[in-house]
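Participant: sequence and predicted model, in that order:
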Amino acid sequence: SQRPLRGDLVVACVVAETGGGVGAQHLIASGLRTDYCIVTEASNLDVGTISVGYVQGKVRVTGEFKHRVPYVNPIEKITKVINAFSPSYAPIPQGGWLRYEPHPLIPGFPAMAVRNIEHFQDATTLSFDLRIVPGMSEESVREDMQALLDGIAAADADFHAELIIPLSAQQPNMPAREATAVDAPVVAELVAAHRRATGRAPVVGAGHRIGATADTCHFKGAGITCVEYGPGFIPIWPMVDERIEVAQIVAATQVLALTAARLVIEGNV
């Protein structure tokens, strides 16, 4: 098209979304700001206006390193932490150890799982992944989890635990942001473009990516109106022999092009 643009169209390739969105945060720190952002996650062509965040960290339980009784085994002690957590990725009951308000667009969350356990000499360490909803924060989770550990310690004088959040300085957590309004221009144009390209209305909300995080949280945090939309669906990750249907790639390309054109090209497209 030779039509003049009423704005800039920026294509940004960022890395390390699964490491806390390092690339997205670097892009934001560089000073780049746009009015709208579409993160091309594998949404199965759903329009993702909201996603969970996560708080990941470690609990390190210290015991003894010897071969006789009396013996404080940190492996045995850390099972008390695992038992205090909810079953893996089952909804955490409201009114329990974790403070939150349920979110209508993200049913079944917050939820968490223990993802790794390591032991060396007198210390056993577990890593956890807690999927959070808007209204929760890294600090609120830290307070609640510390209170949980303090409760275990109060009932067991031999229980000594250290809470580590985040996993490391190189692996920041992903905050949970509120949903992008469905009447926001980028959402409205994306929905219209999807209808035009596919003949069907898209799913709008958390969609197929419910439970997954995205760089949208960082862009929303910078004041950018953001949404997720892209081809493919990842039921489990990592996937063996991962692939995307060509038809979805074509449809997504058409939808993204139409949306961009409607937002930045003067006159109707």
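Facilitator: Yes, it's here. Numbers count the residues shown, from 1 in each chain.

Participant: which residues of the protein fall in strands?
Facilitator: Secondary structure of the chain (DSSP state E): strands located at 36-39, 47-48, 53-62, 111-120, 123-132, 161-164, 204-205, 225-228.

Participant: give the buried residues for the fourth one.
Facilitator: This means strand 111-120. Across strand 111-120, burial judged by 16 or more other CB atoms under 10 Å covers 111-112. Every C-beta, even on glycine, is put in place using the N, C-alpha and C of the backbone.

Participant: which helices and strands does that strand pack with?
Facilitator: helix 74-84, strand 123-132 (3 or more CB pairs under 8 Å, 6 or more residues apart in numbering; DSSP states H and E).

Participant: and the nearest residue to Y71 once chain neighbours are set aside, what does it touch?
Facilitator: Leaving aside its sequence neighbours, Y71 sits nearest to E64 (CB to CB, 6 or more residues apart in numbering; 5.8 Å). E64 makes contacts with 71-74, 122, as judged by CB atoms under 8 Å, 6 or more residues apart in numbering.

Participant: what do you get for T40?
Facilitator: T40 touches 228-230, 252, 256, counting by CB under 8 Å, 6+ apart.

Participant: what's the neighbour count on S30?
Facilitator: 8 (other CB atoms under 10 Å).

Participant: with V10 as the reference, measure out to it.
Facilitator: 12 Å (CB to CB, to the nearest Å).

Participant: ditto for V55
Facilitator: V55 is 30 Å from V10, by CB to CB.

Participant: which one's more surrounded, these two?
Facilitator: Neighbour totals were compared for V55 and V10, and V55 leads with 26 against 11 (other CB under 10 Å).

Participant: these two touch, right, the more buried one and I165?
Facilitator: Yes - contact criterion CB atoms under 8 Å: V55 and I165 qualify, at 6.4 Å.

Participant: quick check: neighbours shared by these two?
Facilitator: Common neighbours of V55 and I165 are listed as 138, 141-142, 173 (criterion: CB under 8 Å, 6+ apart).

Participant: for the lowest-mean-pLDDT helix or strand in the chain, packing partners?
Facilitator: The least trusted helix or strand in the chain, going by mean pLDDT, DSSP states H and E, turns out to be helix 22-29, with a mean of 90. Secondary-structure packing of helix 22-29 (3+ CB pairs under 8 Å, 6+ apart): helix 216-221.

Participant: and the helix it packs on, what other elements does it pack with?
Facilitator: By 3+ CB pairs under 8 Å, 6+ apart, helix 216-221 packs against helix 22-29, strand 36-39, strand 225-228.

Participant: now for these, which one comes closest to V81?
Facilitator: helix 22-29 (28.8 Å; CB to CB).

Participant: what residues of that closest one count as buried?
Facilitator: Going by 16+ other CB under 10 Å, helix 22-29 has these buried residues: 22-25, 27-28.

Participant: contacts for it?
Facilitator: Counting by CB under 8 Å, 6+ apart, 12, 14-17, 170, 172, 215, 218-219, 221-222 sit against helix 22-29.

Participant: and those residues, which are buried?
Facilitator: Neighbour counting by 16+ other CB under 10 Å classes 14, 17, 172, 215, 218-219, 221-222 among the contacts of helix 22-29 as buried.
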